[in-house]
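Trainee: structure of the sequence below:
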Amino acid sequence: MAEPSLELVDVRYRYHAGAEALRGVTFSVAAGERVGLVGPNGAGKSTLLLAIAGFLPATGRIRVAGHTLNRSTARDVRRHLGIVFQDPDDQLFMPRVGEDVAFGPVTMGLAPAEVRGRTAEALEAVGLAGFEDRSPYHLSQGEKQRAALATVLAMRPQILALDEPTAGLDPRARRRLIALLQNLTTTMLVVGHDLDLILDVCGRAILLDRGQVVADGPATEMLRDGALLESHGLELPLSVAGRA
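Mentor: This next block holds a predicted model:
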């Protein structure tokens with residue numbers, strides 16, 4: 001069998017104050033798979049994402065695109081993992097959109113022609129072709145989110161991780177982002193409370209609560225299980241509740 005794109009075995013992390021945020025998290029994500037990571041506030045979802053990226057010194061085993069994560073490999077591992085944070089302003093810091101999207105490829109040492117090609121390709125993929133000279137600060141929230149996604153796509157990561165990607169978006173921008181994600185073929189880990197987004201984009205869902213995986217299975221089954229969701233502080237997706 002092919003090696004998983006992402007593999008976590010007994011991943012644990014304890015805050016300095018003593019609270020254990022991750023308690024033996026184990027799961028894997030196959031190449032091309034789209035997985036939604038859901039759970040109540042404080043479940044450890046964002047902490048887990050930071051651990052996967054090597055920003056937190058978790059214990060256990062984490063492998064990203066065939067590379068085992070440790071202190072010496074963290075920088076290289078992040079070349080294979082593209083993270084889109086909840087607030088796009090955390091990723092857009094250059095005067096122009098094109099410069100933001102080109103920043104990653106430039107730091108990789110790619111030739112100028114390759115950088116230009118990747119920048120144009122990424123902006124085209126998110127529906128922002130022609131926005132190269134626009135200021136990120138003058139974009140709508142939806143445009144900012146897509147521009148932040150473009151900065152990651154330009155790196156051509158093997159795994160795309162998104163933290164609450166629809167937070168703060170109006171309905172039209174949300175629908176556009178969902179359609180965009182549905183058309184991507186990259187292995188994907190989507191972290192969020194928007195369970196309708198998870199249903200629309202992901203074939204599988206993992207439920208995390210109190211730092212542990214409590215359920216893992218097809219999204220269409222898990223996210224329609226009202227008793228399971230309620231027992232872990234979640235509600236049925238609106239698209240499901242409306243038909244109940």
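
Trainee: quick one: mean pLDDT for stretch 127-145?
Mentor: Stretch 127-145 carries an average pLDDT of 94.

Trainee: what does it contact?
Mentor: 84, 88-89, 92-98, 100-101, 119-120, 123, 146-147, 150, 165, 168-170, 172-174, 176-177, 180 (Cβ atoms under 8 Å, 6 or more residues apart in numbering). C-beta coordinates here come from the backbone N, C-alpha and C atoms, glycine included.

Trainee: low-confidence ranges, the chain, go.
Mentor: Residue ranges of the chain with pLDDT under 70: 1, 243-244.

Trainee: hey, where'd the helices end up in it?
Mentor: Assignment of helices within the chain using DSSP state H yields the ranges 45-52, 74-77, 97-107, 112-125, 141-153, 171-183, 195-201, 219-222, 226-231, 238-241.

Trainee: with respect to residue 13, which of these lies nearest?
Mentor: helix 45-52 (5.7 Å; Cβ to Cβ).

Trainee: now do that closest one: which elements does it pack against?
Mentor: On a contact count with 3 or more Cβ pairs under 8 Å, 6 or more residues apart in numbering; DSSP states H and E, helix 45-52 meets strand 6-14, strand 20-29, strand 34-38, strand 59-64, strand 159-163, strand 187-191.

Trainee: what lines up beside the longest one in the sheet?
Mentor: Here the strand partners of strand 20-29, with direction, are listed using DSSP bridges: strand 6-14 (antiparallel).

Trainee: what's the angle from the partner strand to strand 187-191?
Mentor: 30 degrees (axes from the mean of the first three to the mean of the last three Cα atoms, to 10 degrees).

Trainee: what does strand 6-14 contact?
Mentor: Under Cβ under 8 Å, 6+ apart, the answer for strand 6-14 is 20-29, 47-48, 51-52, 56-65, 159, 187, 189.

Trainee: since that was my last question, I'll sign off now.
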